[in-house]
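[1] give me a model of this one.
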Amino acid sequence: MNRRSFIRGTGALAAAGALAGLSGAPVFARQPEQREGWPTKFTIGIYPDDDAAKAIAANESLRAYLEQQLAIPVELFTATSYSAIVEALRAKRIDAIEVGPFAHVLAVQEAKAEPLAVALYPRIPRGGVARVDPQLVPYYQSVIFTKKGSGISSLADLKGKTFAFTDPASASGHLMPKTLLLQKGINPDKDLKTVFAGNHPAAVLAVWNDKVAAGATFEENLYLLANSGQVDTCGFADGINRQRTDIEVRLRYNACREGQLVIIAFTPPIPNTPFAVRPDLPASFKQAVRTALLKLKEDPALVAKHQRYYEDPTARLKLKKLDDFYNILRAAAQFLKLDLTKMR
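    Residues are numbered from 1 along each chain as shown. The predicted structure follows:
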């Protein structure tokens, strides 16, 4: 682990008083008998995407909120790889993680991590703020897309063409679309001329600027870049992250204009990032963290600042337990013969 960043939370009780007007009374703050065995501080591992300072700043509102709710210092921890964060959890150097969904699968495998809630990411309109959306789902979808007029209108047309993935460790920009292609009889390593663009916007812009013929990204990225005026996306008017039939995709493709970015296939739903903790933490503490996470959406100002909130979709999705939500990723990892410990 060559680079590591911490941000330390101090003065938890002072912070509780300062934030009480926004977020309500701290969880169990006045019930010390229910705090037996609690840690004296709570450390959360996050992945920095090569910019630790930016990642810490993006999660400061959550850090401060949990510090106020739990009435103990809360710290953020970053490392240079998913596996390093998971190892820190296994070694009990940190107490919780909020990393990507495949990294969560690794954390369960290596550290028996327990998910408490799943992050939901509201779509933010131009000039608007993040708000709680009752229609929001706890998953997203990857798409395979092209520019209409490229000669590609189906997955079969991709053979022999140039193709941009995002990053080798990206669920929506590589692993899930690669799984889809393989299942459809297309081997990206043999049938396509693939490149890794580095990130999601770069993959879309590579297609838009005719550097490659097609690519993969998460669906909303096509709309975000269109809203900022960088591309022209021909999308679906009824929203994102809806499971589309092949007929729906074909009809939409036919209705698009030449030169627009168009979707030719969707992957199955990809579970959003969970917030997970070490299994050996006291049950009362884990419940307090879960309660605080689920309560966050009650504060509109905090949702707007943090740009996400949390839910437990176990009942909604009729799961036996929350971790079952991630079985689709375990199946993909097994199908791709992935060594999750080497993901960066």
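
[2] who are the contact partners of residue 215?
    144-146, 163-165, 197, 203-204, 206-207 (CB atoms under 8 Å, 6 or more residues apart in numbering). Where C-beta positions appear, they are placed from N, C-alpha and C, glycine not excepted.

[3] okay if I get the residues you listed as TSV plus neighbour count?
    Listed next are the contacts of residue 215 as TSV, based on neighbours: other CB atoms under 10 Å:
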residue	neighbour count
144	23
145	27
146	25
163	25
164	25
165	23
197	22
203	29
204	26
206	21
207	25
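
[4] for stretch 317-334, buried residues please.
    317, 322-323, 325-326, 328-330, 332-333 (16 or more other CB atoms under 10 Å).

[5] and those residues as a markdown table, adding distance to residue 268 and pLDDT?
    Listed next are the buried residues of stretch 317-334 as a markdown table, based on distance: CB to CB, whole Å; pLDDT from 0 to 100:
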| residue | distance to residue 268 | pLDDT |
| --- | --- | --- |
| 317 | 13 | 93 |
| 322 | 18 | 97 |
| 323 | 18 | 97 |
| 325 | 12 | 97 |
| 326 | 13 | 97 |
| 328 | 6 | 95 |
| 329 | 10 | 95 |
| 330 | 13 | 95 |
| 332 | 9 | 94 |
| 333 | 14 | 92 |
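
[6] next secondary structure element downstream of the lengthiest helix in the chain?
    Criterion DSSP state H: the longest helix present in the chain is helix 52-70. Moving toward the C-terminus from helix 52-70, the next helix or strand (DSSP states H and E) is strand 74-78.

[7] hmm, back to that, list the buried ones in the longest helix of the chain?
    52, 55-56, 58-59, 61-70.

[8] hmm, residue 257 and residue 234 touching each other?
    Yes: at 6.8 Å, residue 234 counts as touching residue 257 under the criterion of CB atoms under 8 Å.

[9] which residues are common contacts for the two?
    residue 148.

[10] higher neighbour count, these two?
    Remark: of residue 234 and residue 257, residue 234 carries more neighbours, 19 against 10, as counted by other CB atoms under 10 Å.

[11] note down every partner strand of the helix or strand hosting residue 310 and its orientation.
    Assigned by DSSP H and E, residue 310 falls within strand 309-311. Strand 309-311 sits in its sheet next to strand 114-120 (antiparallel), going by DSSP bridges.

[12] export the strand it pairs with to PDB, keeping only CA atoms.
    Below are the C-alpha coordinates for strand 114-120, written out as PDB (Å, rounded to 0.1, in the frame of the first residue of the first chain):
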ATOM      1  CA  GLU A 114     -21.800  -7.700   6.100                       C
ATOM      2  CA  PRO A 115     -23.800  -5.300   4.000                       C
ATOM      3  CA  LEU A 116     -26.100  -3.000   5.900                       C
ATOM      4  CA  ALA A 117     -27.600  -0.900   3.200                       C
ATOM      5  CA  VAL A 118     -27.300   0.000  -0.500                       C
ATOM      6  CA  ALA A 119     -26.500   3.400  -1.900                       C
ATOM      7  CA  LEU A 120     -29.100   5.100  -4.300                       C
END
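
[13] next, the angle from that strand to helix 52-70.
    Angle, strand 114-120 to helix 52-70, by axes from the mean of the first three to the mean of the last three CA atoms, to 10 degrees: 110 degrees.

[14] list the buried ones in strand 114-120?
    Neighbour count says strand 114-120 has 114-120 buried, by 16+ other CB under 10 Å.

[15] output those as CSV; include the columns pLDDT and distance to residue 126.
    Shown next, in CSV, are the buried residues of strand 114-120 (pLDDT from 0 to 100; distance: CB to CB, whole Å):
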residue, pLDDT, distance to residue 126
114, 98, 38
115, 98, 33
116, 98, 33
117, 98, 29
118, 98, 26
119, 96, 22
120, 96, 20
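
[16] just the residues you listed now: which is nearest residue 75?
    Distance to residue 75, by CB to CB, is smallest for residue 116 among the buried residues of strand 114-120, at 18.0 Å.

[17] so what's that closest one up against?
    Counted by CB under 8 Å, 6+ apart, residue 116 has contacts 274-277, 286, 289-290, 293, 312, 322.

[18] mean confidence for the strand holding residue 310?
    For strand 309-311, the mean per-residue pLDDT is 97.

[19] can you tell me what sits against that strand?
    With CB under 8 Å, 6+ apart as the criterion, strand 309-311 contacts 117-120, 122, 132, 138, 275, 293-294, 296-297, 303.

[20] where does the closest residue in space to residue 151 that isn't next to it in sequence land in three-state SS?
    Nearest non-adjacent residue to residue 151, counting by CB to CB, 6 or more residues apart in numbering: residue 157, 6.5 Å away. Assigned by DSSP: H, G, I helix; E, B strand; the rest coil, the conformation of residue 157 is helix.

[21] okay, domains of the chain per the record?
    For the chain, automatic domain parsing gives the domain ranges 5-123+272-342, 139-270.

[22] picking up where we left off before, may I see the buried residues of strand 114-120 organised as TSV, with distance to residue 79 added?
    Formatted as TSV, the buried residues of strand 114-120 follow (distance: CB to CB, whole Å):
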residue	distance to residue 79
114	20
115	20
116	21
117	23
118	22
119	20
120	25
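
[23] in the residues you listed, find the pair that's most separated.
    Pairwise over those, using CB to CB, the maximum falls at 114 and 120, 19.3 Å.

[24] where does the prediction get shaky in the stretch 201-344 of the chain?
    343-344 (pLDDT under 70).
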